[in-house]
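> the following block contains a protein sequence and its predicted model.
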Amino acid sequence: MKPASVVQCKDFPCLDIQQQSHFIPEIVIDPKNISILLISEAPPANRADYYYAGPDALFAKTTVLAFQDAGAKVKSVQDILDLGVYLTPAVKCGKAGVGVATATIEHCSRLLEKEIALFPNIKVFLLMGDVAIKAVNRIAKRNGEPRVIPAGATYKIRGGEFHFRGARAFPSYVQAGPAFFVEKSKRKMIGEDIRKALQIIKDS
C-alpha cells in the first residue's frame, strides 16, 4: 500500500504553505507491520530533504540520529521502518513562514486522520512538536474524544502518561531538520521519548 494513493489533498486551501512542497509518503508498506506512528511538523521546502528521499536527505539524517540517540541500531530510514515505525508530518505542505496557522492544522488534521486510519496495529504515537500535538488534539476534539495532550510546555507535561485511541501518546520535540542540532537538552529528551516508545513495542 502507498499512503499517497489513499490520502490526498485536492483543493489546497491553506494560505501559509508552499504547495510545491506538498508530500504524502509514496513508499510501499504493509500497514499491519507498523506499530509506532512518528508525526512531525511539516515537510521540508526541498523535497530532496524528505524522510524517504534517500540517505543524504536532511530529515532522514536527523531522524536516524534521533533513533541512534535512543539506542536503536539503525543506519537508515529503512531500518527505522523495519522497526515498525512510520514517519509522516502533520502538515502535508512545507511552511511558507515560521509558524503554522490554526486553520492549516485543522485542514491537514483531516488528512492525518485518514492516514492514521490506514494502520490497524498502532501502539504508540510519537508527537514531535507542537504542530503534531495540536493536530492530534484536533482529531480527538472533532470526534468527541478526550483531549490527548493537555495544554502546557512540553518539558512540563512529557513525563505524564497519555493515550489516543488505545495507544500511548508521547509529546516530544521536532526531530526533523536543522532544529535538531540546536538544543542539546531537547535532543536528549527526544532520544528518551523514542527509547520509551521502542520499549513499549519490545514489551508488548
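Looks like it arrived, so ask away.

> for this structure, which helix is longest?
helix 184-203 (DSSP state H).

> pull the residues that contact it.
35-36, 66-67, 69-72, 83-84, 123-124, 126, 128, 155, 158, 168, 170, 172-173, 175, 180-181 (CB atoms under 8 Å, 6 or more residues apart in numbering). Where you see a C-beta, it was placed from the backbone N, CA and C, and this is true even at glycine.

> just the ones of these in strands?
Among the contacts of helix 184-203, the subset assigned to strands under DSSP state E consists of Ile36, Val124, Leu126, Met128, Arg168, Phe170, Ser172.

> for the spatially closest residue to Arg168 that is not a sequence neighbour, grab the count of nearby residues.
Using CB to CB, 6 or more residues apart in numbering and skipping the chain neighbours, the partner closest in space to Arg168 is Val124 (5.0 Å). Using other CB atoms under 10 Å, Val124 has 24 other residues around it.

> likewise for the one 4 residues further on?
Taking other CB under 10 Å as the criterion, the count of residues near Met128 is 28.

> distance of it relative to Tyr155?
Distance, Met128 to Tyr155, by CB to CB, to the nearest Å: 14 Å.

> do the same with Asn46
Distance from Asn46 to Tyr155, by CB to CB: 30 Å.

> contact partners of stretch 159-172?
So stretch 159-172 is in contact with 122-129, 133, 136, 140, 145, 148-150, 154, 157-158, 189-190, 193-194, 196-197, 200, going by CB under 8 Å, 6+ apart.

> can I get the buried ones among the residues you listed as something I can paste into ChimeraX?
Remark: buried members of those, expressed as a ChimeraX selection using 16 or more other CB atoms under 10 Å:
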select :122,123,124,125,126,127,128,129,133,136,140,148,149,154,158,189,190,193,194,196,197
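
> wait, Arg147 touches Val136, no?
No - with contact defined as CB atoms under 8 Å, Arg147 does not count as touching Val136 (9.5 Å).

> so which residue is smack in the middle of this structure?
Residue closest to the mean C-alpha point of the chain, counted by CA atoms, centre = their mean, is Ile39 at 1.0 Å.

> that residue: what secondary structure?
strand (DSSP: H, G, I helix; E, B strand; the rest coil).

> sec struct for the residue nearest to it when sequence neighbours are not counted, please.
Nearest residue to Ile39, sequence neighbours excluded (CB to CB, 6+ apart): Ala132, at 4.2 Å. At Ala132 the chain is in helix, as set by three-state DSSP.

> who touches Ala132 in this structure?
Neighbouring residues of Ala132 by CB under 8 Å, 6+ apart: Ile39, Ser40, Glu41, Pro89, Ala90.

> pick out the most distant pair among the residues you listed.
Within the contacts of Ala132, Ile39 and Glu41 form the most distant pair, 8.6 Å apart (CB to CB).

> where does pLDDT dip in the protein?
Scanning the chain for pLDDT under 70 picks out 16-17, 20-21.

> helices of that one, residue ranges please.
3-6, 58-69, 77-82, 102-116, 130-142, 154-157, 184-203.

> in JSON lines, list those helices along with distance to Phe164.
Converted to JSON lines, the helices of the chain look like this (distance: least, CB to CB, whole Å):
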{"stretch": "helix 3-6", "distance to Phe164": "19"}
{"stretch": "helix 58-69", "distance to Phe164": "21"}
{"stretch": "helix 77-82", "distance to Phe164": "21"}
{"stretch": "helix 102-116", "distance to Phe164": "9"}
{"stretch": "helix 130-142", "distance to Phe164": "6"}
{"stretch": "helix 154-157", "distance to Phe164": "14"}
{"stretch": "helix 184-203", "distance to Phe164": "13"}
